[in-house]
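J.: How does the following fold in three dimensions:
(chains A, B, C and D)
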There are 4 protein chains.
Amino acid sequence: MTSLKSEKVFRDPILGFIHVDNSVILDLINSHEMQRLRRIKHLGVANLVFHGGEQSRFQHSLGVYEISRRMIDALDHNKQLFNEKKWEHQNDLLVQAAALLHDVGHGAYSHTFEHLFNTVHEQFTQKIITDPSTEVNAILRRVSKDFPAKVAAVIGKTYPDKRVVQLISSQLDADRMDYLLRDAYYTGAEYGRYDIERILRLIRPVKDGFAFDIAGVHSIEDYVISRYQMYLQVYFHPVSRGMEVVLENLLMRAQELFDQNPDNPIFFQLLKPIFSLKNKIDVQDYIALDDSVFNTAFNIWQNADDPVLADLAKRFLDRKPLKSMVLNAQTKPLLADIKQKIVALGFDPKYYTGENDATDLPYESYSPKTGEEGIKFVYPNGEQAELSQLSPLVAAINGKESIDRRFFFPRELLADKEVNDLYLKYKKTY
Amino acid sequence: MTSLKSEKVFRDPILGFIHVDNSVILDLINSHEMQRLRRIKHLGVANLVFHGGEQSRFQHSLGVYEISRRMIDALDHNKQLFNEKKWEHQNDLLVQAAALLHDVGHGAYSHTFEHLFNTVHEQFTQKIITDPSTEVNAILRRVSKDFPAKVAAVIGKTYPDKRVVQLISSQLDADRMDYLLRDAYYTGAEYGRYDIERILRLIRPVKDGFAFDIAGVHSIEDYVISRYQMYLQVYFHPVSRGMEVVLENLLMRAQELFDQNPDNPIFFQLLKPIFSLKNKIDVQDYIALDDSVFNTAFNIWQNADDPVLADLAKRFLDRKPLKSMVLNAQTKPLLADIKQKIVALGFDPKYYTGENDATDLPYESYSPKTGEEGIKFVYPNGEQAELSQLSPLVAAINGKESIDRRFFFPRELLADKEVNDLYLKYKKTY
Amino acid sequence: MTSLKSEKVFRDPILGFIHVDNSVILDLINSHEMQRLRRIKHLGVANLVFHGGEQSRFQHSLGVYEISRRMIDALDHNKQLFNEKKWEHQNDLLVQAAALLHDVGHGAYSHTFEHLFNTVHEQFTQKIITDPSTEVNAILRRVSKDFPAKVAAVIGKTYPDKRVVQLISSQLDADRMDYLLRDAYYTGAEYGRYDIERILRLIRPVKDGFAFDIAGVHSIEDYVISRYQMYLQVYFHPVSRGMEVVLENLLMRAQELFDQNPDNPIFFQLLKPIFSLKNKIDVQDYIALDDSVFNTAFNIWQNADDPVLADLAKRFLDRKPLKSMVLNAQTKPLLADIKQKIVALGFDPKYYTGENDATDLPYESYSPKTGEEGIKFVYPNGEQAELSQLSPLVAAINGKESIDRRFFFPRELLADKEVNDLYLKYKKTY
Amino acid sequence: MTSLKSEKVFRDPILGFIHVDNSVILDLINSHEMQRLRRIKHLGVANLVFHGGEQSRFQHSLGVYEISRRMIDALDHNKQLFNEKKWEHQNDLLVQAAALLHDVGHGAYSHTFEHLFNTVHEQFTQKIITDPSTEVNAILRRVSKDFPAKVAAVIGKTYPDKRVVQLISSQLDADRMDYLLRDAYYTGAEYGRYDIERILRLIRPVKDGFAFDIAGVHSIEDYVISRYQMYLQVYFHPVSRGMEVVLENLLMRAQELFDQNPDNPIFFQLLKPIFSLKNKIDVQDYIALDDSVFNTAFNIWQNADDPVLADLAKRFLDRKPLKSMVLNAQTKPLLADIKQKIVALGFDPKYYTGENDATDLPYESYSPKTGEEGIKFVYPNGEQAELSQLSPLVAAINGKESIDRRFFFPRELLADKEVNDLYLKYKKTY
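T.: Next comes the predicted model:
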């Protein structure tokens, strides 16, 4: 019914080909809401540090879809080894649609955006899927009246069949499997590589989800460590965070100016709903926002009358990050002094400093918060074991949050010798 | 004087690292005008066909700089083999600055943009370099008063030392060497790969430029063929050209509306100079334009009152290419009829059709137009020979322009069986 | 019946995994005759030039099997597009067994060996398959009494179903597809790479064989050119051929000594049958020969009483190739003089010179000799076209044999200035 | 004096090119003793599990040389950052020669060989370097009379300048850096990859050796973990060890037969010195041994009168590994029973079983045994820190030996259900 006459493929540098043989998937890919993701960078501002990292959320979404499709194929291919639980094909389209759409509600420059406007991209993802005004919703409704709600439930982790949810959202899900490989490929950071072909070969259907053949312990250990290293080296990079703080302070200043005068002509029409309504913004107005809209705003604002707005906009466009030092017992007591010096240099610390925490929980054998379990392995005799019990490396990071707290300040402050010495000691860039 | 305390590197997925040890180069990279290239995609609209191809002109520029640096190193390293002509290091910075800046005047969605607004990006490159209002110019003037003019002359091919010009602009220059590898890497098309390390090893300084050791014939044959295949498979792709025609017609319609009423609020301030002044636009106004500005314009225009503008803007943003067939002796006579049918469907052919030629001259042993010569090889005894005399493959494409002429029309027309049959026969997608 | 309980895989650096799910294939892999191929290098002596090229015929055989398996999968997957001819699965095992065994009769240092002992490896392949004394034969007989004969017929190209033969033996067969990728990977020569994944995607079953979707023209053009370049750069390399001539003269001298005295203790038992019986050697005695046996013979012979045998054995083991110049109208008339000089240096030209032709026919649109046809493409409307009509590059090499004729002589001769000048002019190493 | 007229390069699939510009290095590469390493596989018998792993000790030696050369270049390039200790170029050739020759004394099937004949390859390496009968020694003496002794001292770690020793022999030396990349590339195991380019960029000369810029913590953490994983997944593989036990028992049986009758014709001349003299073997007789000699012996022995020798030789050539289970508190007490069953099956446990320990110490912050220190990092202010203090992953494996103890037995025993159940429980193949 929904299968295409001939399979359609998309050339992908990471996965070779993305294969589509279902017209629902193809129509979703071609929808207004999915095409918008071409204009949102996957890494936010990290492309300003890793100049290769220009990949879009659109291509990542195709990748997550493709990996979910391969996981299903592998589960199906490997099912005969375990008679307890086979893979039910009636869920294939549900999994694949959820995989493809899992990021459809991402905002421009996403995390900064969310923080400032108090939006949650997961909620907008669900709204876009279930709101009858969207193309995505109309396409999903062709499958069945309740299909949009089902897809939204899978993404929201409330769908009753845990096996379906686990493919899209777990410690070894299609989302993570794609972004590690993709971000490593585009940034040129070697860390994110792991042996996806072997992992897919060793996946096994079990009760309530999937597990892996015991032979895969080291391949999956390698995946967990790759992810850990990508966080420390790429996602936590202090220079991108220095750009994020610029962006955050810039938008904060814009909000203040908007609140003073919503008719200020520096706010063109597309921008007004988000500044005035924030997370109550209408779905269609939200969809109209992408990285380009904000870049254009900054382009205009760099010539604005407000000197702080203009300066921060120019710093962002011209990639002039704030510098940083680690926040710890030694540096914290000095912040008041440092801010004094910043003021003395003519900068308002409100707009020219910031604190920023980068945190990641690299692996959890069991999450007390969500009840989510760790990655499981199956022995030939059917017994199971969890990864951190099998790998001393994973055990070493199990449940331990990686945290990097930093204080950001203008580069101009480094002319002060005292601050510069402190900076050299506490910049900590590994 | 201008050398950095410690070398600065940029991680690059294609070249490993970009090495910078000269403060002039580093300051140019950090300049306002170079940072703008981060917001201009290298492939124009081809990322709408090859979803991986999101690379910016900024990273390509870094790559061209790095390859020019490696070419100089190789020429220097290999110079002892030929006593006639050594490499003069006083030109190093000139070559590297020209390599880095060679694309700094590129416009948004470049080729379409140039065609419509009658601009030439090479001219804007030279203006940005020589105009005292730019950061790039100020940085170059630090080297010497006439340095900006020299860099501009190298890029404009009027610089008297041909050896310097040849590194930046010839049939095997740093520009082409970078974009083939980079475009292949990001699009996932395998064709663009060739053995750059071996080619660099075999480069030799000769009178008036560089040549290659005779041992490199097949490596360079492979490079020429790679380039030929990238043109046919990536750069000529009929679907991207279907998007280019949409873009061209969209901007043409916008120009008409602007000419009717320059105060129409759909033209925000950043857009006005280019629509009113075209190639007479001021350098600073030109620099303010990037892909984001146009994307934002299209975003606004999709809700414009003018139905043609709104529809074309939406088609562009949502990636709805025009379909195409090859223009040849069989199809040309049918165009009048086809246009009739397009009118019957309610589309104005002026905005919904287009003709588009893609042409490439893959190799020329000698260009009668420019006097430029082919790629030369040196035998152990000092004799030289030109590539097409050594390679039957290159001889087969020498001087023969690849041309692909097409007529573009709305997909809706394929509902007409007669047109559809014609389309199946003449779509020719290899 | 013959399917394995669980699929067995072999990690392969070129193809990812080799997948085996049939016990006949697994048993063939584990057989005495196939395991012997681990001790025969795929490239003969070319590893003496490309030090990475140590790959065995065993791994190449696994690769050919795996590619044949993927071709069948692709034909099966793509068959619905053409209703005329589907893929018949009853031939799967026949194709896969023939692919795996196609080289099982290869001799040590194969081409030199064949030339000298007048053996033909294809005949020994067929003998090993059909001779009841072999493990391979016993395994194949488990399928059916006539299965060994069928497999031998496929390899010998006499099997009536041309579709089966074409997969194993044609201008784009599993054999060539594997060795190009594998030899490129191990030698580090970049030329052999082509886009196998895309080619497999575009393969289509047609009457009497397979063809390709018209969209694949450039991918297959790239494959043909890759093969052409690998021949010129790797397989024709004058230095490996300088080692082949040493090997040939060494074995020729050994044969003379054997003929003089078959009981000379330098011929240990394993060697006697081949020196005395040549191509009439018994299958089991033939199978006992591998690269190691000959290496050990050379190891012993380097201390033999015969000075020519000892010297040539040492030259071979220590990689001291003969030097060479191209044989052409200019050099041929000088050979008599050169040989005089060789004699004057104390070398017998019979053992210290040689002529060697390297030839390759890179592509034939039609072979008048065998009736074999070129690579075919299918248009959407079902029409077919042949590659050289679609690609000007392939047309340029179609039917034109690449030939490199050389005269080989001892390096010691280069002390003669006249010879050295000639050598510098005619060594031609590209 | 010793520099070549023009640089010579060797194409290498892992390192791109091996560069040689010193005639001493080139002559060493071409020497009899180095060329012998072409006939010794780097991985011993592991190519019988990873069919791609055919790489020779020769190519590994070239790789170690090349990496040592790049380390020196990097130390030299980075030296200006630290004024305390520059790199002294008078040691360049010493380092490079030691790197190239570090494995020249390796025996055939090395570890098994050493164990059985009580030889130590490091001693033979030093003998080959210092014994006046070798080509290597003659070449080294051209540099200076004491140069062979110096090179031997570097390899033996007794050379007084610790900086020189550390490049060849430490926890991050040229040897390990090469074999990880090379073994990963050839076997297709992904684990061994790490970012060598970045590590070389961050190397810094310090007092008594080299350290790394603090920015390199994660790159080197990745290298240490890669090495740890290669040990567990490739070097410890139970199936290769099952082949090693076959080889060991085979050679043990051959020794018994030799001791009974040294004139037994199954021992051809090349083999006699090692069986009779063991570690007292003459250097030239030792050099005459390579993998081929032993393969040929096995080839002959498979038809020997002694049934154990013949059977084990055939098992080795045809790759029939012994099966294994982990030796632990549960399995140890059962060995006596198992051996009874083996006897009942007609096998002598002396020749058909074996115990084999695989051990690796993945990292040591300080070795109490050798006084060797861990990998050091330098902060911008000059302070140093050791890797395990900076990386929780490395801390997790610091000083902890990985051990895998196994008992090996004939596959035929698995017909016994009790043993088979035990096997399924304790085969532990991850």
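J.: so where's the stretch 101-250 of chain A uncertain?
T.: For the stretch 101-250 of chain A, no stretch is flagged by pLDDT under 70.
J.: which one is A:Arg163 nearest to, not counting chain neighbours?
T.: A:Gly209 (4.9 Å; CB to CB, 6 or more residues apart in numbering or on different chains). Backbone N, C-alpha and C define where each C-beta goes, glycine included.
J.: Same check on A:Leu413?
T.: Nearest non-adjacent residue to A:Leu413, counting by CB to CB, 6+ apart: A:Val419, 5.2 Å away.
J.: ok, the one you found - contacts?
T.: Contact partners of A:Val419, counting by CB atoms under 8 Å, 6 or more residues apart in numbering or on different chains, are A:338, A:341, A:409, A:413.
J.: Please tell me the pLDDT value assigned to it.
T.: Listed pLDDT for A:Val419 reads 94.
J.: and what of A:Met1?
T.: 45.
J.: go on, A:Lys323?
T.: Reported pLDDT for A:Lys323: 97.
J.: Show the contacting residues for the nearest residue to it once chain neighbours are set aside.
T.: What sits nearest to A:Lys323 in space, not counting adjacent residues and going by CB to CB, 6+ apart, is A:Arg411, at 5.1 Å. Contacts for A:Arg411 (CB under 8 Å, 6+ apart) come out as A:320-323.
J.: Report the closest residue of the stretch 151-300 of chain A relative to chain C.
T.: The stretch 151-300 of chain A approaches chain C most closely through A:Glu197 (5.2 Å), counting by CB to the nearest CB.
J.: and that residue, how many neighbours does it have?
T.: A count of nearby residues for A:Glu197, using other CB atoms under 10 Å in any protein chain shown, gives 16.
J.: before we move on, which element is it in?
T.: Assigned by DSSP states H and E, A:Glu197 belongs to helix A:196-202.
J.: Now do the same for the residue nearest to A:Leu413: helix, strand or coil?
T.: helix (DSSP: H, G, I helix; E, B strand; the rest coil).
J.: ok, and the most crowded of the contacts of A:Val419?
T.: Neighbour count (other CB under 10 Å) singles out A:Phe409 as the most crowded of these, with 27 neighbours.
J.: quick revisit: how close does the residue nearest to A:Leu413 get to A:Gln340?
T.: From A:Val419 across to A:Gln340, the span is 11 Å (CB to CB, to the nearest Å).
J.: Confirm for me that the residue of the stretch 151-300 of chain A closest to chain C is in contact with C:Gly16.
T.: Yes: assessed by CB atoms under 8 Å, A:Glu197 is found in contact with C:Gly16 at 5.2 Å.
J.: Could you tell me which residues of the stretch 51-200 of chain A lie near chain B?
T.: A:51-52, A:54-56, A:58-59, A:62, A:185-189 (CB under 8 Å from any CB of the partner chain).
J.: among these, which are in helices?
T.: A:58-59, A:62, A:185-187 (DSSP state H).
J.: Identify the spatial nearest neighbour of the closest residue to chain D within chain A, chain neighbours not counted.
T.: Relative to chain D, the nearest point of chain A is A:Ala396 (3.3 Å; CB to the nearest CB). Leaving out its chain neighbours, the residue that sits closest to A:Ala396 by CB to CB, 6+ apart is D:Ala396, at 3.3 Å.
J.: Heading C-terminal from the helix or strand harbouring the one you found, find the next helix or strand.
T.: Assessed by DSSP H and E, D:Ala396 sits inside helix D:392-397. Per DSSP H and E, helix D:392-397 leads on to strand D:402-409 as the next helix or strand towards the C-terminus.
J.: any idea of the mean pLDDT for that following strand?
T.: Over the span of strand D:402-409, the pLDDT mean works out to 95.
J.: can you check stretch A:33-40 too?
T.: Stretch A:33-40 comes out at a mean pLDDT of 98.
J.: distance between it and the chain's centre?
T.: A distance of 15 Å separates the centroid of the chain from that of stretch A:33-40, by CA atoms, centre = their mean, to the nearest Å.
J.: near chain B, anything from that stretch?
T.: Yes: applying CB under 8 Å from any CB, one finds stretch A:33-40 in contact with chain B at A:35-36, A:38-39.
J.: Name the residues that touch that stretch?
T.: Defining contact as CB under 8 Å, 6+ apart, one finds that stretch A:33-40 is touched by A:28, A:56-58, A:61, A:100-101, A:103-104, A:106-108, A:110, A:128, A:134-136, A:287, A:290-292, B:47-48, B:51, B:295, B:317-319.
J.: Check those for burial and list the buried ones.
T.: Among these, those that count as buried by neighbour count (16 or more other CB atoms under 10 Å in any protein chain shown) are A:28, A:56-58, A:61, A:100-101, A:103-104, A:106-108, A:110, A:128, A:134-136, A:287, A:290-292, B:47-48, B:51, B:295, B:317-319.
J.: what's the longest strand in chain A?
T.: Ranked by number of residues, the top strand in chain A under DSSP state E is strand A:3-12.
J.: what's the distance between that strand and the middle of its chain?
T.: Relative to the centre of its chain, strand A:3-12 is centred 27 Å away, using CA atoms, centre = their mean.
J.: Remind me what that strand packs against, helices and strands.
T.: The contact analysis (3 or more CB pairs under 8 Å, 6 or more residues apart in numbering or on different chains; DSSP states H and E) places strand A:3-12 against strand A:16-22, helix A:23-29, helix A:57-78.
J.: Mind doing that once more with 10 Å?
T.: strand A:16-22, helix A:23-29, helix A:57-78, helix C:57-78, helix C:196-202 (3 or more CB pairs under 10 Å, 6 or more residues apart in numbering or on different chains; DSSP states H and E).
J.: what does it rub up against?
T.: The contact list for strand A:3-12, computed with CB atoms under 10 Å, 6 or more residues apart in numbering or on different chains, reads A:16-26, A:29, A:59, A:62-63, A:65-66, A:178, A:182, B:49-53, B:187-190, B:234, C:77-78, C:80-81, C:195, C:197-198, C:201, C:213.
J.: cutoff 8 Å now
T.: Against strand A:3-12 from outside (CB under 8 Å, 6+ apart): A:17-23, A:26, A:59, A:62-63, A:66, B:50-52, B:187-189, C:81, C:201.
J.: Now do the buried residues in that strand.
T.: Applying 16+ other CB under 10 Å to strand A:3-12 flags A:7-12 as buried.
J.: Just give the nearest non-adjacent residue to A:Lys425, would you?
T.: For A:Lys425, the spatially nearest residue (CB to CB, 6+ apart) is D:Asn381, at 6.4 Å.
J.: so which of the contacts of A:Val419 comes closest to B:Leu271?
T.: Distances from the contacts of A:Val419 to B:Leu271 were compared by CB to CB; the smallest belongs to A:Phe409, at 36.8 Å.
J.: And for the residue of the stretch 251-400 of chain A found nearest chain C, the neighbour number?
T.: Per CB to the nearest CB, A:Pro380 is where the stretch 251-400 of chain A lies closest to chain C, at 10.2 Å. Using other CB under 10 Å, A:Pro380 is surrounded by 14 other residues.
J.: The residue nearest to it when sequence neighbours are not counted: neighbour count?
T.: The shortest distance from A:Pro380 to any non-neighbouring residue, by CB to CB, 6+ apart, is to D:Leu424 (5.0 Å). Applying other CB under 10 Å, we find 13 residues neighbouring D:Leu424.
J.: Please tell me I have it right and D:Leu424 contacts A:Glu383.
T.: No: under the criterion of CB under 8 Å, D:Leu424 makes no contact with A:Glu383, lying 10.9 Å away.
J.: Could you double-check that the residue nearest to A:Lys425 sits in contact with A:Leu422?
T.: No: the pair D:Asn381 / A:Leu422 is not scored as a contact, 11.2 Å apart, by CB under 8 Å.
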